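Visitor: with the sequence up front, the predicted model follows.
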Amino acid sequence: MGKGADEKSNSLPLPNGEIVMPQKYSLSQGEQLVKLARKSIAYYLHTGSTLKDEAPKEFSEKRGLFTTIHSFPSMELRGCIGFPFPVMPLWNAVIESAVSAAFSDPRFPALEARELNSIIVELSILTQPEEIKEEKAKITKILRKGTDGLIVRKGNNSGLLLPQVWPELDCTAEEFLRHTCMKAWLPENTWKEKECKILKFQCQIFKEEKPKGKIVEEK
């Protein structure tokens, strides 16, 4: 998870109690964001500094976001870091998470300049994570494979899996919950415990088809 994440909501309540959901972005906007992520990585490689760029108005809404980097053409994971909660404007979240995914993911060595033309950049723009209030026994029945991402929290431990990870694991809803617990360094059945909080969210995903290639929205 991204550093400094909190649970401040970016949903706006109306007088009648309804919630204004965060906006969806067009393909052209998604292209801008993916190109910004790649530009931020290249800038850090060449300067050792994070790109300083004021957020355009259309990307000023605070959103949770993850940058995922895959090696090409093997598509092996090369880095994934982000912000599960909306702590900064989307534009800035892209810059920060792209640099972190490329150079600060503790599971991988820092990206090298020679790799810049052999990676795929993928962005996942998150909805506000919401705690699931259903009885634990019913949770597996309401989760949607490939649509819902999960956050599991207990004490100081927290783990997150993006929606696209579920189909990759090709597992049941209960197994996906177990994997999320393990991501939080918790026993796999911790999700069943009363003290364990489970949150779900959805993503709008934009990614390159090949390094510096066509950018598409994953449906």
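Guide: Perfect, I can see it now. What you see is a predicted model, and the numbers here were worked out from it, not measured in a lab.

Visitor: ok, so what distance separates Lys207 from Asn117?
Guide: Taking Cβ to Cβ, to the nearest Å as the measure, Lys207 falls 16 Å from Asn117. Every C-beta, even on glycine, is put in place using the N, C-alpha and C of the backbone.

Visitor: who has more neighbours out of these two?
Guide: Shown here are Lys207 and Asn117; by other Cβ atoms under 10 Å, Lys207 has more neighbours (21 against 10).

Visitor: looking at the single longest helix found in the chain now, give me its mean pLDDT.
Guide: Taking DSSP state H as the criterion, the chain has its longest helix at helix 27-47. For helix 27-47, the mean pLDDT works out to 98.

Visitor: again, but for stretch 162-174
Guide: 96.

Visitor: so what would you say the end-to-end distance of it is?
Guide: 15 Å (Cα to Cα, to the nearest Å).

Visitor: before we move on, back to that, report all helices and strands that the longest helix of the chain contacts.
Guide: Packing partners of helix 27-47 (3 or more Cβ pairs under 8 Å, 6 or more residues apart in numbering; DSSP states H and E): helix 90-103, strand 119-126, strand 203-208, strand 215-218.

Visitor: format those as a markdown table; extra columns: distance to Glu76 and mean pLDDT.
Guide: Converted to a markdown table, the helices and strands packed on helix 27-47 look like this (distance: least, Cβ to Cβ, whole Å; pLDDT from 0 to 100):
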| stretch | distance to Glu76 | mean pLDDT |
| --- | --- | --- |
| helix 90-103 | 14 | 98 |
| strand 119-126 | 10 | 98 |
| strand 203-208 | 15 | 98 |
| strand 215-218 | 18 | 96 |
